[in-house]
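got a structure for you, letters missing:
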Ligand SMILES: Nc1nc2c(ncn2[C@@H]2O[C@H](COP(=O)(O)OP(=O)(O)OP(=O)(O)O)[C@@H](O)[C@H]2O)c(=O)[nH]1
Ligand SMILES: [Mg+2]
């Protein structure tokens with residue numbers, strides 16, 4: 001809790017995580033009420049061997065550290081969103097960023113669902129609760145939610161939403177699903 005003059009605000013730190021190119025930067029850019037911080041760099045041909053560009057060939061930049069944005073929800077709930085890279089080579093950075101986070105939104109793409117496993121493992125290792133948002137890309141196969149849950153091996157209470165990260169309303173709904181999930185699991189936050 002944080003007292004700002006007459007107002008009491010609840011500050012919540014959340015991670016937006018997911019594999020390379022899944023839409024983390026786009027998601028935070030859609031949602032942030034402040035000019036989001038990005039650490040975007042033009043990719044060099046050297047990264048082609050490391051980061052798989054299949055399906056996202058038009059992509060020319062990648063996030064080299066973090067994305068950061070802020071969103072205030074009704075009830076003076078202030079969400080601080082940290083976009084974190086999903087590649088395992090960023091694992092030390094990931095551990096620092098995840099400190100103090102209440103939960104994580106994992107972004108996934110149905111063309112390569114298993115790419116999200118690495119991130120989900122890191123989140124579970126950190127003891128964080130998470131929700132999953134499946135981003136719809138034009139050539140992504142669509143599956144029923146039950147099938148997606150099965151493929152992603154989700155617990156029954158883990159929220160799963162379909163979302164276009166470029167759409168502010170859809171992205172907000174995904175984040176609200178996560179907040180409801182993590183706050184319900186930490187009763188002191190809802191008191
Ligand atoms: N159709 C569609 N395109 C999306 C969506 N989210 C992102 N994109 C596009 O996908 C590309 C990659 O998105 P980024 O937001 O850069 O992905 P990222 O996860 O931040 O990528 P890295 O930081 O490099 O790991 C961009 O061209 C976006 O416009 C989505 O939900 N639907
Ligand atoms: Mg990015």
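Cool, got the structure. It should be emphasised that the depicted structure is a prediction, and the values quoted were computed from it without experimental measurement. Ligands and ions are numbered 1, 2, ... in the order given.

What parts of the protein come near ligand 1?
Residues of the chain lying close to ligand 1 by C-beta under 6 Å from any ligand atom are 18, 20-26, 56, 59, 62-63, 85, 135-138, 164-166. Every residue, glycine included, has its C-beta placed from N, CA and C.

how far is the lengthiest strand in the chain from where the chain is centred?
In the chain, with assignment by DSSP state E, the single longest strand is strand 7-18. Here strand 7-18 is found 12 Å from its chain centre; the criterion is C-alpha atoms, centre = their mean, to the nearest Å.

can you give me the angle the next helix or strand after it makes with strand 7-18?
Using DSSP states H and E, the next helix or strand after strand 7-18 towards the C-terminus is helix 24-31. Taking axes from the mean of the first three to the mean of the last three C-alpha atoms, to 10 degrees, helix 24-31 and strand 7-18 form an angle of 150 degrees between their directions.

who does helix 24-31 touch, helix- and strand-wise?
Counting by 3 or more C-beta pairs under 8 Å, 6 or more residues apart in numbering; DSSP states H and E, the packing neighbours recorded for helix 24-31 are strand 7-18, strand 67-73, strand 77-85, strand 103-109, helix 168-185.

out of everything not next to it in sequence, what's closest to residue 136?
Counting by C-beta to C-beta, 6 or more residues apart in numbering, residue 136 lies nearest to residue 164, which is 5.5 Å off, once chain neighbours are set aside.

Can you give me every residue that contacts residue 31?
69, 71, 81, 168, 171, 172, 175 (C-beta atoms under 8 Å, 6 or more residues apart in numbering).

okay, among these, which ones form the most distant pair?
Within those, 81 and 168 form the most distant pair, 13.2 Å apart (C-beta to C-beta).
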